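Novice: Everything below, folded, please.
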Amino acid sequence: MRRALCSPVATCLVIVPALWFAGCGGSSPTPLAPTPPHVSTPPPAPAPTQIRISGRVTATNGGQPLAGLSAAVGATSVTTDGSGSFSASMLPTASISLALTGSSIVPRSLRVAASSTRDVSVDAIVLGGGFDPTFYRQLVRNSFDQPGTLQPLRRWTTTPSVYLKTVDEAGEAIHGPTLNVIETTLKEAVPAWTSGALGTPAVERGTGSREGQSGWITIKFPAVATPGRCGTAQIGADGGWIELEYHAVSGIMCRAPGSVVAPRLVRHEIGHALGFWHTDNPNDVMYGSQYMDWNAQPSARERYHAAISYRRPIGNVDPDTDGAGTVTLAPMTAR
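Specialist: Below you'll find the model as predicted:
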């Protein structure tokens, strides 16, 4: 549409809307760019949350708090305070190493779970007092018989049941009073050797066997004597066995008044079955040669060091290092 604006003396002006010319010119209008789709930008990831591993160190042999120890908690080194406590922060992970050192203790190392903040209780063996590293290695590591090879710790984690055979391997019946002495001695020896960590075992009698069955120790009697031997046992073996020489030759101190098998011999072999080795002194029940006291009890030093070993897991190695997980050890025997 055109509209003329005229005055009486002026030439009329023609006003044409600009939009009309756009439709009639020789060039096309510039198209509008399409609106890009909306793209969501994720927020930045939060910084990793640190966890805190705290703990308290006490003496394995005494229970007192241990201050002034160096504690390497993963990659962080701290010192235990007056109450034996320590604390360290780190990023979460499956597990970390914890190593304790100091002039007053046997160096101690283990692994602890570290996926979240937690408290741990750790104990270390204090040097001096009643602890003798040389004797401990004899009783727990077999250093007396094999000084060049220190064995990992073997022990029971639950009280074993005992199967006491009533016949020898040829089927001959065992003397009844002897069986009674063996059973009575076993029941008092297991908690005594372990300072109460294990209880009184249940004893079952019969002509069969429980060898190889988890939770059992089988006591059996060879049909033929082995010269110079009173007994043999597997060391700390779940499902293991003890052999007692019922037909022992004369001159070997295997017997006792009223019993073909001496109580000391039972205590010696059940000591092996619970994880202990030979020692160097005739006053010890675990002394491996001939002895005169047929009714001897474990010595004070045997009880003391045996109790310490029953505060450690199977597979603990010298000087005091725990395995990273479940440890399975090949069976070993001793006389």
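
Novice: what sits against Pro298?
Specialist: Residues near Pro298 by C-beta atoms under 8 Å, 6 or more residues apart in numbering: Ala192, Trp193, Arg267, Gly271, Asp284, Val285, Met286, Ala306. Bear in mind the C-beta positions are built from the backbone N, C-alpha and C, glycine included.

Novice: mind redoing it with 7 Å?
Specialist: By C-beta atoms under 7 Å, 6 or more residues apart in numbering, the residues touching Pro298 are Ala192, Trp193, Arg267, Val285.

Novice: I'd like to know which of those residues is nearest to Thr178.
Specialist: Arg267 (15.0 Å; C-beta to C-beta).

Novice: Do you know the pLDDT at that closest one?
Specialist: On the pLDDT scale, Arg267 is placed at 97.

Novice: try Pro37
Specialist: So Pro37 comes in at 69 (pLDDT).

Novice: ok, back up a step: out of the contacts of Pro298, which are inside strands?
Specialist: The subset of those located in strands under the criterion DSSP state E is empty.

Novice: Mind picking the two most distant members of these?
Specialist: The largest separation in those, counting by C-beta to C-beta, is between Ala192 and Val285 at 9.9 Å.

Novice: who has more neighbours, the two?
Specialist: Val285 (26 against 19; other C-beta atoms under 10 Å).

Novice: Let me see the contact set for the more buried one.
Specialist: Arg264, Arg267, His268, Gly271, Ala296, Gln297, Pro298, Ser299, Glu302.

Novice: Check for me that the first one belongs to a helix.
Specialist: Yes - secondary structure assignment (DSSP: H, G, I helix; E, B strand; the rest coil) places Arg264 inside a helix.

Novice: what about it, distance to Glu302?
Specialist: Per C-beta to C-beta, to the nearest Å, Arg264 is found 12 Å from Glu302.

Novice: and the residue lying closest to Ile125 once chain neighbours are set aside, what is it in contact with?
Specialist: Nearest residue to Ile125, sequence neighbours excluded (C-beta to C-beta, 6 or more residues apart in numbering): Val106, at 4.3 Å. Listed by C-beta under 7 Å, 6+ apart, the contact set of Val106 reads Ala124, Ile125, Leu127, Pro133, Pro319, Asp320.

Novice: Just flag the most distant two among those.
Specialist: Across the contacts of Val106 (C-beta to C-beta), the longest gap, 13.3 Å, separates Ala124 and Pro133.

Novice: Comparing those two, which shows the higher neighbour count?
Specialist: For Ala124 versus Pro133, neighbours defined as other C-beta under 10 Å are more numerous around Ala124 (24 against 15).

Novice: I'd guessed that one sits against Ser103; true?
Specialist: No - if you go by C-beta atoms under 7 Å, Ala124 and Ser103 don't touch, sitting 12.0 Å apart.

Novice: shared neighbours, the two?
Specialist: With C-beta under 7 Å, 6+ apart, Ala124 and Ser103 have no common neighbours.

Novice: Confirm His305 sits in a helix?
Specialist: Yes - judged by three-state DSSP, His305 forms part of a helix.

Novice: Ser161 - how many residues pack around it?
Specialist: 15.

Novice: now do Leu98
Specialist: Leu98 has 23 neighbours, counted by other C-beta under 10 Å.

Novice: for it, helix, strand, or coil?
Specialist: Going by three-state DSSP: Leu98 is strand.

Novice: Would you check how far apart the closest residue to it other than its chain neighbours and Gly228 are?
Specialist: Distances taken as C-beta to C-beta, 6+ apart put Val112 closest to Leu98, at 5.2 Å, once the chain neighbours are dropped. The gap separating Val112 from Gly228 is 48 Å, by C-beta to C-beta.

Novice: Settle it for me: which of the two has more neighbours?
Specialist: The neighbour comparison of Val112 against Gly228 (other C-beta under 10 Å) goes to Val112, with 16 against 12.

Novice: could you pull out the strands for the stretch 101-250 of the chain?
Specialist: 108-114, 118-124, 161-165, 203-206, 216-220, 231-234, 241-244 (DSSP state E, counting those that start in this stretch).
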